[in-house]
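A.B. asks: show me the folded form of this:
(chains A and B)
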Amino acid sequence: MSAVVRYTAAALRRRARPLGRLAGWSAAEALPALLAGYLTARAVDDGFLADRPGTGLAWLGVLAVAVGIGAVGTARAYACLGDVVEPFRDELARRVVSGALSRSTAAGARPESTAVARLTHQVEIVRDTFAGLVMVVRGFLFTAGAALLGLVSLTPVVAGVVAVPLVAGLVLFAVALPAMVARQRDYVRADERLGEAAGGALTGHRDVVACGAQEIVADRVGRQVDRQARAERALARMAALRSLSLAVGGWLPLAVLLLAAPWLVRRGLTAGAVLGALVYVATGLQPALHALVQGVAGGGLRFAVTLDRILTATTLPPRESTARAGAPGDGPAPAGTSGCGPPGSTTGAAGCPLAELRGVTFRYGPQARPVLDDFDLTLSEGAHLAVVGPSGAGKSTLTGLLAGLLPPQAGTVLLGGVPAGGADPAALARHRVLIPQEAYVFAGTLLENLRYLRPAAPPDEVDAAVHRLGLAPLVRRLGGLTATVHPPSLSAGERQLVAAVRAHLSSARLAILDEATCHLDPVAEATVEDAFASRPGALVVVAHRISSALRAREVLILDGGCPLRGPHDELLARSATYRELVGHWRGPQDRTHRTDATGGGPVPAEAANR
Amino acid sequence: MAADGNRLLRQAITYGGGWTVALGAAALLGAAAELLLPAALGLAVDAALGDADPWWPLAACGLVVLIVATDTLSSLASGAGTARTTARIRHRLLRHLLALDPRRAARHPVGDLVGRLVGQAADAGQAGSTVVLGLAAALPPLGSVVALLLLDWRLAVTFGAGLLLLAVGLRAFVGDASAAAAGYLGVQGRIAGRLAEALHGARTIAAAGTVRAEIDRVLAPLPLLRTHGDRTWTALARASGRTAAIAPLLQLTIVAVGGWSVADGRLTPGQLFAAVQYAALGAGLGSVVATLNRLVRTRAGAERVAAVLAEPVRSYGPASLPVGPGRLVLAGVTVYADDGRPVLDAIDLRVPPAATVAVVGPSGAGKSTLAAVAGRLRDPDAGEVLLDGVPLRRLSRSALRHAVGYGFERPVLIGDTIAEAVALAAVADTVALDTVSAALPPGSATDPVALDTVSDPVGLETVAATLTPVSANNADARPGPATPGFASVADARPDADAPDSAAGTAAPGLGADGRLDAGRLVGLARAAAIDEFVERLPDGYHSRLDATPMSGGEAQRLGLARALPASRLLILDDATSSLDTATEHRIAVAVAAHPDRRTRLVVTHRMATAAGADLVAWLDGGRLRGVGAHRELWRDPEYRAVFSASIPPQPEPTDKSAAKSTARFMDEPPDKSVDGSADGSADGSAGEPVDEPTGEPAAEPVEALR
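C.D. replies: Numbering: from 1, shown residues only, chains lettered A, B, ... in the order given. Below is the predicted model:
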């Protein structure tokens, strides 16, 4: 929570100038609070009680002017608020967005989908409650200060007597505040836990019924319900504490004043002055304190808890992303000095493989079975490799390794002869292009989307690629390359085509299509793959249909066991997995099949690893 | 529906019980005191000036004390009452939701149900405090108008006029602010949309190395957002300027009018002050609108909760199963989809006892529906499913779940720890069997045996205890002599702080039970070939599920372990699709070793599994296309086409636990000459005895599932 205080204090310091203006207008706003009691006293004493109602009204007229000035002050103060609050919101939004994107693009990370809710929901809560908090606090300071000042002008003794309980109430509230924040946080957490527990149980409704575990699960989730109720009761006790501090700070001054009034009158205080003092206490101090306590205990607590959550969520250490931990022995790549086609060079010297995996081992957890174990793969100029295998066999992992996005636990990834670990992301991007299944199309012009990887791509090349890969109909439909794309209005297949053209335009020599055409029909898929195959360099296609494997020069089968690599025909002869995949089963009567089953062991086709 | 909501609302008010009564008393007393206070203050002022009884200041102070006390009590009672009411509604809704038919529950998105349980139940839970506080809050403003009228009718008229002005000012604000807010939300949505886009394309961005540029692109509309944001503050400024003037001017006018009356001798100075206070109190009339809003929300919440509560729960019969071999019969089973299309159309299927029937067919043929109907995860719309002659819907819940176990392609593991997740069905069993086990002396030697015969999948008497027994005091165990052991395994979470953890659950003989049940857990895991995975985890069976990254295959095996305690019928709905054949074989052997020789219904895409089954039920378009041995069906080219694989469209799993295997690959044993380098572990498992009758085709290990 101290992080919240530090962050807020720093943000306020950065807004010293608008805060100064805010204070100025707040002073103007407090003018009626300053004058109300005094002018009422004069109006009563010199006017209404002195049988000079005109004079009374005149004094009230002065007060009316003060009210008018105060109203202007209020309006201007709110107008200043934007200069304090909006930049604060901007900073938070920037923090959330850059944190989410940095972490989501780190090695092996999954997109942080919660960040969108954090941006639209939590940041807005903080914005609103921050504004409320600023207004309430400065409102109290100026109004209470003004009322006390006015009181001093009427009867200095009373001012002193009234100030003591007021301060005591404030201290009480301040002391209870950390506990209130803690209870509020417990409450929010209990709410979330309940949501998580209920979500888990209801997601598994079928499983619960299948296990006959309705009672047990109802009890388990019920415990979260009870925990939440306890948190809510604790919060209610805090509300009682809040009432107590209001009683001390707001009501006690009034009681003191009432009890002291007869004595004060005997000492010469006029009727008007008594009224004025009451006006200061009852319409100045007490409502100001009430607003402060309610505001801080309501919006203020929400501010603290929500900001704390944003700060915690956005200060998680990013997984070793930027400093991409390469294999042991991978030094920082001295780009352009070693290797024969360093990342960044678009020429790829002859004789040097475009990409090479050497003894690569990759597992997702320290306990997990390796997805790839001591795996070697070399891709040279002109290679066209299709990767097939069941979901979870590690196809996407392989593309991540090949692209230098995932650091292996052991072994080396060489791109153009240079270790991928530690290479500059931009240099990597010039060497290879990865098209994932989820095509990225952003709101912008079509041309911006297509030139994303190579902003300087000449128009005729763009045109050629558009036609070559079959994007022309979409370009026509949208009204040209400079038309703005609204991504949700494109079909999944159209988005994949855009991503394909973009990748085709890139200068990278190694193209990796990770199920990048799964939403295209077979003809469109063939068009795209052929276009990439005739591009200079090497192509890796994670096959979505068997036709992709048929088009490839070589096929790599990943099925959790020992990966097999070879041309289509050879694999047909060697791999049952592949035969089944291609649909070339010769039936259960197959002789070899039976002999092997009785004699040999089954091939490890573990599809269980991611 | 509205009637249901109103009934729930009335119930909710009574749920608060004593707290609602206390709240009502405190709120009414407080409102009365608030209403009397200005008059008392006025008299106190007059008393100070010597024009009234000198005890009035004390009386006013007494009222202040009363207000503070009732206010404190109100806060407490409203919070505690709401907490209690909400908890009761939630418990009720939760039990109801879990008692629903899975099919019915699945009609609501999970988020929607969670929203009702967390959000709307809380809204409805405020019924008591909203009604009581709403009534009480209306009293002082209404009373103050009367009080002003009693003091001087001129004051009341002045006040009424001022209130109208105030309302106009507020109304104007609503218009201004909503226009500005709409623009703001529009830009905010644009930024959020860009962020969502970029997150979706995170892999492209990572590969292109363009994170910085993307951050800038997402945030590009930020200045525009600020412009709109400033506009909202300007609108607020205008409105607050107006109201800041109107409210004090109203009071000022009251002072002026009242002052004139003082001058005329109609009012005392004290009464003037009382009038000012009453005017302030009367301005609180605006809060009545807020109360109405709250009431509307509460009622809407109650309606949403009541709508779910009105859905009928599935009922269970009273019957238990007679002694039997596990004969499964589907007679004329028909199931309609929500749109009225038949998913299963008059299916007649007799599965011989202790046989394995493979259910095959193309996607959408109704295989999973058949599996759901066969174990009463779902009731057929027509026809009957019988297990050993008893219709499933006549069975009691405990009898049904004791007899039938389900393994799923994508099991949802429920519980905090692995032990909890695996023991789910077994714990449910022991709870259900309370009545049976209660007859057994707790901790006696017969107790574990009783458990064993119920659900020991592979005869695990010999399995050594590997889990340390956990003392019962930190386990929120359920009462019942049969449970402590499992509770100690399943519920021993570090944060198990439930207050209802009865000390009485520390039944005698727990240590022995704990070891035995731990052993049984290990046995289940071993049978499902997941024991090694679990034991490699830092906390073993106590590892938290959410902190254990798991592949689809690992989750499948844990889900399988959970299903294994079933005594008569095991239904595996594609439950080993993500496993390699070696593991599948290992499981098959363990499952087949079950002393009860359970009947098995296996939905599969793998040809080898079909080839190894005693019987294949070939489904197509909701109808049984053929029933028979795989060998016979194989002659039909259309049957063969079921297995000729292409890779179906498959979304890449974004969640590690949801790794879904839609592409079915079945590997046959390798041709040693070509593929002899196959992983050594596979060769090791080849040593397992494959119980293969001669002449059987496709001697896949899976056939041992029979």
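A.B. asks: residue B:639 - nearest residue in space that isn't next to it in sequence?
C.D. replies: Distance criterion CB to CB, 6 or more residues apart in numbering or on different chains; nearest residue to residue B:639, sequence neighbours excluded, is residue B:633 at 4.5 Å. Glycine gets a C-beta too; all of them are placed from N, C-alpha and C.
A.B. asks: for the stretch 101-250 of chain A, what are the low-confidence residue spans?
C.D. replies: The stretch 101-250 of chain A contains no residues with pLDDT under 70.
A.B. asks: one step back: okay, the residue nearest to residue B:639: pLDDT?
C.D. replies: On pLDDT, residue B:633 comes in at 90.
A.B. asks: what about it, how many neighbours?
C.D. replies: Residues lying near residue B:633 (other CB atoms under 10 Å in any protein chain shown) number 20.
A.B. asks: next one: the one 3 residues further on
C.D. replies: The burial metric for residue B:636, expressed as a neighbour count using other CB under 10 Å, is 14.
A.B. asks: that one against residue B:626, yeah?
C.D. replies: Yes. Applying CB atoms under 8 Å, one finds residue B:636 in contact with residue B:626, separated by 7.1 Å.
A.B. asks: sec struct for the residue in the stretch 301-450 of chain A that chain B sits nearest to, please.
C.D. replies: Of all residues in the stretch 301-450 of chain A, residue A:440 sits closest to chain B, at 2.4 Å by CB to the nearest CB. At residue A:440 the chain is in coil, as set by DSSP: H, G, I helix; E, B strand; the rest coil.
A.B. asks: what residue, apart from its backbone neighbours, is nearest it spatially?
C.D. replies: Leaving aside its sequence neighbours, residue A:440 sits nearest to residue B:201 (CB to CB, 6+ apart; 2.4 Å).
A.B. asks: shaky segments in chain A?
C.D. replies: Applying pLDDT under 70 to chain A flags the ranges A:1, A:316-351, A:364-369, A:390-393, A:560-561, A:580-610.
A.B. asks: domains in it, by residue range?
C.D. replies: Recorded structural domains for chain A (assignment: automatic domain parsing) are A:2-314, A:355-566, A:567-600.
A.B. asks: residue B:168 is nearest to which of the ones you listed?
C.D. replies: Nearest to residue B:168 among those is domain A:2-314; the distance by CB to CB comes to 15.3 Å.
A.B. asks: any idea how far the closest one is from the middle of the chain?
C.D. replies: 27 Å (CA atoms, centre = their mean, to the nearest Å).
A.B. asks: and stretch A:409-425, by the same measure?
C.D. replies: 30 Å.
A.B. asks: now do residue A:57 against residue B:24, distance only.
C.D. replies: The gap separating residue A:57 from residue B:24 is 45 Å, by CB to CB, to the nearest Å.
A.B. asks: the longest helix in the chain is where?
C.D. replies: Because you didn't say which chain, this covers chain A. helix A:53-104 (DSSP state H).
A.B. asks: chain B, not that one
C.D. replies: Using DSSP H, we find that the single longest helix of chain B is helix B:153-200.
A.B. asks: tell me which other helices or strands the helix or strand following that one touches.
C.D. replies: Sequence order places helix B:202-208 as the next helix or strand after helix B:153-200, per DSSP states H and E. Here helix B:202-208 touches helix A:53-104, helix A:425-431, strand A:432-435, going by 3 or more CB pairs under 8 Å, 6 or more residues apart in numbering or on different chains; DSSP states H and E.
A.B. asks: in the stretch 301-450 of chain A, which spans are strands?
C.D. replies: Taking DSSP state E, counting those that start in this stretch, the strands of the stretch 301-450 of chain A run over residues A:355-362, A:372-379, A:384-388, A:410-415, A:418-419, A:432-435, A:444-445.
A.B. asks: make TSV from those strands and add mean neighbour count and distance to chain B to it.
C.D. replies: Formatted as TSV, those follow (neighbours: other CB atoms under 10 Å in any protein chain shown; distance: least, CB to the nearest CB, whole Å):
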stretch	mean neighbour count	distance to chain B
strand A:355-362	20	13
strand A:372-379	18	9
strand A:384-388	25	8
strand A:410-415	23	12
strand A:418-419	26	15
strand A:432-435	28	4
strand A:444-445	16	8
